[in-house]
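1. with the sequence up front, the predicted model follows.
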Amino acid sequence: MPYSFVINQINDESGKYFAARVLELEGLIGTGNTYDEAYRDVKDAMESYIETKIANGIKIPLPMDSIDYSGKFVVRLPKTLHKLLSKKAKEEGVSLNQYALYKLSM
């Protein structure tokens with residue numbers, strides 16, 4: 001399945017290495033001295049992770065790309081920020097939704 005892999009180069013007190021994770025599978029991490037090593041390590045860990053979940057009857061999260069997103073989410077914010085955003089949207093001559101989308105896409 002097309003899971004979302006993220007691989008970052010790390011440079012800390014342990015040294016320089018690569019850390020890979022799968023966004024949908026919380027806590028799953030692989031490491032390596034190279035990008036490819038980290039990717040292989042996380043793929044191996046992912047295989048064990050999924051096998052263990054299946055063996056224990058635990059649901060495995062679906063890949064993000066397989067989820068049907070509605071394009072809608074609700075955000076709670078302080079009244080003062082709501083007022084400020086509403087004012088800015090009015091100054092721009094657009095709806096609050098359009099203004100928020102513009103700001104989020106920057």
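-> Received, thanks. It should be emphasised that the depicted structure is a prediction, and the values quoted were computed from it without experimental measurement.
2. same for the lengthiest helix in the chain, what does it pack against?
-> The longest helix of the chain (DSSP state H) is helix 35-55. Packing partners of helix 35-55 (3 or more Cβ pairs under 8 Å, 6 or more residues apart in numbering; DSSP states H and E): strand 5-12, strand 15-22, strand 29-32. To be clear about C-beta, it is placed using only N, CA and C from the backbone, and glycine gets the same treatment.
3. in it, what counts as buried?
-> For helix 35-55, burial by neighbour count (16 or more other Cβ atoms under 10 Å) applies to 38, 39, 41, 42, 45, 46, 49, 50.
4. just give the nearest non-adjacent residue to the fifth one, would you?
-> In space, not counting the residues next to it along the chain, residue 45 is nearest to residue 30; the distance is 5.2 Å by Cβ to Cβ, 6 or more residues apart in numbering.
5. hmm, the one you found is touching residue 48, no?
-> No: the criterion here is Cβ atoms under 8 Å, and residue 30 misses it with residue 48 at 10.8 Å.
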